[in-house]
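J.: Generate a structure from the sequence data that follows.
(2 chains)
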Number of protein chains: 2
Amino acid sequence: MSLSTGTRGETVPTVPSANPAVDTTAGVDIAALLERGRALSTPVLRAAVDRLAAPMDTVAAYHFGWIDAQGRPADGDGGKAVRPALALLSAEVVGARPEVGVPGAVAVELVHNFSLLHDDLMDGDEQRRHRDTVWKVHGPAQAILVGDALFALANELLLELGTVEAGRATRRLTAATRGLIDGQAQDISFEHRERVTVEECLEMEGNKTGALLACAVSIGAVLGGADDRTADTLEAYGYHLGLAFQAVDDLLGIWGDPVATGKQTWSDLRQRKKSLPVVAALAEGGAASRQLGELLAADAKSTEFASFSEEEFAVRAALIEEAGGREWTSQEARRQHAVAIEALDGIEMPDLVRAQLVALADFVVVRKK
Amino acid sequence: MSLSTGTRGETVPTVPSANPAVDTTAGVDIAALLERGRALSTPVLRAAVDRLAAPMDTVAAYHFGWIDAQGRPADGDGGKAVRPALALLSAEVVGARPEVGVPGAVAVELVHNFSLLHDDLMDGDEQRRHRDTVWKVHGPAQAILVGDALFALANELLLELGTVEAGRATRRLTAATRGLIDGQAQDISFEHRERVTVEECLEMEGNKTGALLACAVSIGAVLGGADDRTADTLEAYGYHLGLAFQAVDDLLGIWGDPVATGKQTWSDLRQRKKSLPVVAALAEGGAASRQLGELLAADAKSTEFASFSEEEFAVRAALIEEAGGREWTSQEARRQHAVAIEALDGIEMPDLVRAQLVALADFVVVRKK
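T.: Residues are numbered from 1 along each chain as shown, chains lettered A, B, ... in the order given. Model prediction:
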């Protein structure tokens, strides 16, 4: 694999609109789109969580940031809400009202949070969205149990619609969930391996991030009666958008601003994550790449890794950049973004909806957190 | 609550046929029924598990007893296979071929095993079916991950049938899964409580055992086109059969023969389980009941509980029996068995299928393991 030499530049790539000649995204209010997704889906999500028996309802409410560890009402960071916004737009692609996408939006959020609960426990992650994770506060059993319950609830919510479309939507959600699980299995196996290829890393990230984003973008359309070809094409947009999203996440995981991301500096390096910038840098093969490889191999065995200083991580980050890992990942985000936008050409849809999907794709790639 | 005084008798209750005047179960070959369920569902189950990515396929194969911890082929104890047998009969209730019930039988087994994988980890149980549990052999992360994968696979298997009936079957399976999860949440919460009422215990057991058995008995019928009333009635039979099954399990958990059950002597007492005999004995309120209550309260705080001798558990078992807990549970198994059989009166079905359902109910209640 050949990589261009990295330059110290933007934290995240600058993304041009799909077709620079016609700025289709002009006038799209991203904040309003995200807010609409949040406003329509959150009450349904809360009502769904309320169905859980005690103490699972409380544990889930803590996880979603609606209450604190003492059970007092809280106004937590609900995340970017990109998936709900996409699920609602997805219904509008086939001419349905955005409300038609709401059960899909909520089901996707439930599955996403099921995977967070279980992954945080498996990975031993103690912090999420600036707060202690569920297993840390409520214990491992509750993290497992509430994760399971959210997964079941997602299916329940869709299937109780009782329509043929709901069955098709649930089938797609199940496929996405299998992807999530496969991706986590790959992620875990990578931890024990010295080398991971760029292709393996992309496959893992496609499973962990692409599959569910793909489902978010098709589920509203499927509930609105879309045929399989339309749903598949929307999934292609979502899948590549997910890969772009993850590439940006991988950049932020190393070079992101801790104040914005809520993570520690060099977060992914501290966790020894074999993320795209690392894997790409190791694949480049030049002097910095080889030096990085030797350092990381030694780190894997080092008993002092836990007490590494900021400077030691900064050295590794600089080598990744020198070996082109940062620039390659930045380009990869742009490549996947372009493929995602291109997929939209395959479907008829209202101009406004298309502009909104393009604008959301742009947003995902230029975000700072 | 008033309880009759227990007598030292059979390990499990003797169950008369539903209507002693007409022995409807004469000539039913239980072994053949169970074997048919196993023979038709196991290949589909194995093919489903083969869909899992490595290493989850291997971990699942270990869990099902198809390979040992070193990956060598094994011929493990696949369990009694009551649920698959019921799922196939369930299709025949509505005149469909038994094969129609197979995806339902396999989906139910997948959900059952998902719950075993997660429950064993939550409960810290190190042994299942005479072997080390998955979390013990392959680690907690694999137990979580493979459990999740089996749950997803269950939905996948049903929904890829692509029929309206499959959607309805998946909805019922999802409801049963929610029951399993609720039951486990209750079971966990009981561990931290000194007293649990008989009603609470029955509700927990209805969730943990009744819900999925109910689904096994309706899922084949639903896949075969049953209306909701028929499915609900079959679920009533299955739910009460599940409660009878669990009452017998609770008896075997204390007085079962370790050679037959594969568990330690006094297994449930060693685990401080608040099972039906214990809860019923504590509710009785006489001298033995009060003495038992004091002993168990002291045990909960004892630092020497882990090194208790056989005799110490035997004393507790004798008190449970003296306070009527054994006899009450035995009667409860008969009561639930009778309610289950009665439910079948509400549905038209071929005489042979009815006789087989009755015979299976008898079998569940008189089993020794």
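J.: Wait, A:L234 touches A:S218, no?
T.: Yes: the criterion here is C-beta atoms under 8 Å, and A:L234 meets it with A:S218 at 4.4 Å. Every C-beta, even on glycine, is put in place using the N, C-alpha and C of the backbone.
J.: which neighbours do the two share?
T.: When C-beta atoms under 8 Å, 6 or more residues apart in numbering or on different chains defines a contact, the residues bordering A:L234 and A:S218 alike are A:S90, A:A226.
J.: if I look at the spatially closest residue to A:Q127 that is not a sequence neighbour, how far off is chain B?
T.: Spatial nearest neighbour of A:Q127, chain neighbours left out: A:T133 (6.5 Å); criterion: C-beta to C-beta, 6 or more residues apart in numbering or on different chains. According to C-beta to the nearest C-beta, to the nearest Å, A:T133 and chain B sit 14 Å apart.
J.: What helix or strand is the closest residue to chain B within the stretch 101-250 of chain A located in?
T.: The nearest approach of the stretch 101-250 of chain A to chain B comes at A:G167, 3.4 Å away (C-beta to the nearest C-beta). For A:G167, the element it lies in under DSSP states H and E is helix A:164-191.
J.: And the very next helix or strand once past that helix, what's buried?
T.: For helix A:164-191, the following helix or strand on the C-terminal side (DSSP H and E) is helix A:198-205. Across helix A:198-205, burial judged by 16 or more other C-beta atoms under 10 Å in any protein chain shown covers A:V198, A:E200, A:C201, A:L202, A:M204, A:E205.
J.: tell me the average confidence for the helix holding A:G167?
T.: Mean per-residue pLDDT for helix A:164-191: 96.
J.: Quick one: residues contacting the most centrally placed residue in chain A.
T.: Closest residue to the average C-alpha location of chain A: A:T209 at 4.6 Å, with C-alpha atoms, centre = their mean. Taking C-beta under 8 Å, 6+ apart, we find A:T209 in contact with A:G183, A:G242, A:L243, A:F245, A:Q246, A:D249.
J.: measure the third one to A:V196 for me?
T.: Separation of A:L243 from A:V196 (C-beta to C-beta, to the nearest Å) stands at 16 Å.
J.: if you count what's nearby, which of these two comes out ahead?
T.: A:L243 (24 against 20; other C-beta atoms under 10 Å in any protein chain shown).
J.: That one: which element?
T.: Per DSSP H and E: A:L243 is located in helix A:228-255.
J.: ok, that helix near chain B or not?
T.: No: using C-beta under 8 Å from any C-beta of the partner chain, helix A:228-255 stays clear of chain B, with a minimum separation of 10.9 Å.
J.: Please apply the same query to stretch A:143-154.
T.: Yes: contact of stretch A:143-154 with chain B (C-beta under 8 Å from any C-beta) involves A:I144, A:L145, A:G147, A:D148, A:A149, A:F151, A:A152, A:L153.
J.: Tell me the buried residues in stretch A:146-162?
T.: A:146-159, A:161.
J.: Please find the angle between the direction vectors of the host helix or strand of A:P277 and helix A:164-191.
T.: Using DSSP H and E, A:P277 maps to helix A:276-284. Helix A:276-284 runs at 50 degrees relative to helix A:164-191, counting by axes from the mean of the first three to the mean of the last three C-alpha atoms, to 10 degrees.
J.: Give me the helices and strands touching helix A:276-284, please.
T.: Packing partners of helix A:276-284 (3 or more C-beta pairs under 8 Å, 6 or more residues apart in numbering or on different chains; DSSP states H and E): helix A:198-205, helix A:228-255, helix A:287-301, helix A:310-322, helix A:325-343.
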